[in-house]
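Chemist: Sequence below, structure please.
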Amino acid sequence: MAVAAMIVGVAFVSGIMANMLDTFARTQTGHVRIRDARYTARETFLPMHLSLSGIGELLQIIRAEPGVTAAVPRVRASVLVDGADSNRPGLLLGLDIAAEGPYMSPGSMIASGRVPEPGRPEVLVGDQLAAHLGVSVGDSLTLLGQTAYRSLGGIRLEVVGLAHSGVGYLDNSLLMTPIDQAQRLAALDDAATEILVYGDDPDRARELAGALETRLAGRTPAVEVKSWRDQGTFVGFIDTGKRIYGVILGLMLVMAGLVIVNTMLMTVLERTREIGMQAALGMRPRDVMQLVVTEGLIIGLIGGTIGAVVGSAGAIYLGKVGIDFSQATRSFDIPFQGVIRPTWALGSAIFNLVAAVVMAGLAAAYPAWLAVRLRPAEALRG
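Modeler: Numbers count the residues shown, from 1 in each chain. From the prediction side, this is the model:
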């Protein structure tokens, strides 16, 4: 069952990593993110005066780059939200609603109501934020935020929908509105705080970032072009997590090997007389060793095959139905969707099966060495 546990464990961890990276890319970074070069140093304050200007022309240039499948502008603003019962800070996202379908995907988050329409003063509010504010569909909110002129701007928006993304920090703080409304609040003319670029291969994001950086070189003010792997410490945290899990997987293999060592030791002890008889009849020491090691390999192969089948079936099933952690992750401040779908891979199943057989063979070596050292006369006496 160690093989089954390892296959399900690897699939589960792979599902978590894929969940976090996918959510991270869709909600925050894209595969490549383009900003004003001065913005990141002041990112904590979400400075409106350091936005990208002329985004119409920028989008044309970016979308013409080979390998780019989409480029979506966003206005990200920190706002104070005045509701029916209280006021709270919130994160306003101005989105190109039509272009965001496969990415931020506001339509897939609808818990009630509908998606805001471009050109209209409407907003989609995270369900937990709406509960704190005491508002529902049909109510209105007043938003106060920073403008591009470093002054205070305000806007009144109608709540046309409540959103549940399954990502705790978004449901607790997010407001989504058409990008033209966010631009109106922040006094941005043909501008956005960032452009997220999505390519046809996320693993080649650094190459795409390099190509876009070359294409946009010389622009004034300068822009910052970063792939998702080079933004912040989150991806480094994921890579560290993978290495830690690799150590845990190795320990699980060692534990499985100790179980096989124990099994083979018991087999040798129980068959002492038989081994002594075979040695007395002329069986060579290397034949005795080969016999014990072969039995270990057979145990590893049979057990590993059963474990691989059971583990693969479990991982595939869980990948289809998902595991709902939404209640536990509601307060998470990291990009993480509540439903985890373990990701089964044939390569993982084969690796764990082969590892089990190899470990079984190695684990049988010590009992085999003990069997070779048995003297026939002593073995016959038990």
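
Chemist: Give me the domain ranges for this protein.
Modeler: Residue ranges for the domains of the chain, per automatic domain parsing: 2-9+235-381, 38-221.

Chemist: Quickly, which of those domains bottoms out on average pLDDT?
Modeler: Lowest mean pLDDT of the domains of the chain: domain 2-9+235-381, a mean of 74.

Chemist: how about the helices in the stretch 101-250 of the chain?
Modeler: 127-133, 168-171, 179-186, 205-216, 234-270 (DSSP state H, counting those that start in this stretch).

Chemist: Could you export the fourth one as PDB, CA atoms only?
Modeler: These are the backbone C-alpha positions of helix 205-216, laid out as PDB (Å, rounded to 0.1, in the frame of the first residue of the first chain):
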ATOM      1  CA  ALA A 205       7.100  32.500 -20.300                       C
ATOM      2  CA  ARG A 206      10.700  33.800 -19.700                       C
ATOM      3  CA  GLU A 207      11.400  33.600 -23.500                       C
ATOM      4  CA  LEU A 208       8.200  35.400 -24.200                       C
ATOM      5  CA  ALA A 209       9.000  38.100 -21.600                       C
ATOM      6  CA  GLY A 210      12.500  38.500 -23.200                       C
ATOM      7  CA  ALA A 211      10.900  39.000 -26.700                       C
ATOM      8  CA  LEU A 212       8.400  41.500 -25.400                       C
ATOM      9  CA  GLU A 213      11.000  43.400 -23.400                       C
ATOM     10  CA  THR A 214      13.100  43.700 -26.600                       C
ATOM     11  CA  ARG A 215      10.000  44.900 -28.600                       C
ATOM     12  CA  LEU A 216       9.100  47.500 -25.900                       C
END
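
Chemist: can you list the residues that contact it?
Modeler: Helix 205-216 has contacts (C-beta atoms under 8 Å, 6 or more residues apart in numbering) with 31-32, 34, 58, 61-62, 65-68, 197, 199, 223, 225-230. Any C-beta I mention is one placed from the backbone N, CA and C, and that applies to glycine too.

Chemist: Which among those residues count as buried?
Modeler: Among these, the ones that count as buried by 16 or more other C-beta atoms under 10 Å are 31-32, 34, 58, 62, 65, 67-68, 197, 199, 223, 225-229.

Chemist: going on from whatever helix or strand residue 13 lives in, what's the next piece of helix or strand?
Modeler: Element membership for residue 13 (DSSP states H and E) is helix 2-24. Proceeding N to C from helix 2-24, the next assigned helix or strand is strand 32-36, under DSSP H and E.

Chemist: so residue 195 touches residue 55, yeah?
Modeler: Yes - if you go by C-beta atoms under 8 Å, residue 195 and residue 55 touch, sitting 6.6 Å apart.

Chemist: who touches both of the two?
Modeler: Jointly contacting residue 195 and residue 55 under the rule C-beta under 8 Å, 6+ apart are residue 73.

Chemist: Next, residue 104: phi, psi?
Modeler: phi -60, psi -30 (degrees, to the nearest 10).

Chemist: what's the burial count for it?
Modeler: Neighbours of residue 104 under the rule other C-beta atoms under 10 Å: 24.

Chemist: I figured it hits residue 27, correct?
Modeler: Yes - counting by C-beta under 8 Å, residue 104 touches residue 27, with 6.4 Å between them.

Chemist: Identify the contacts common to those two.
Modeler: Common neighbours of residue 104 and residue 27 (C-beta under 8 Å, 6+ apart) do not exist.

Chemist: what's near enough to touch the closest residue to residue 339 other than its chain neighbours?
Modeler: Nearest non-adjacent residue to residue 339, counting by C-beta to C-beta, 6 or more residues apart in numbering: residue 322, 4.3 Å away. Residue 322 makes contact with 339-341, according to C-beta under 8 Å, 6+ apart.

Chemist: follow-up on the earlier one: same for the helix holding residue 13, what does it pack against?
Modeler: Packing partners of helix 2-24 (3 or more C-beta pairs under 8 Å, 6 or more residues apart in numbering; DSSP states H and E): helix 234-270, helix 285-321, strand 339-340, helix 346-363.
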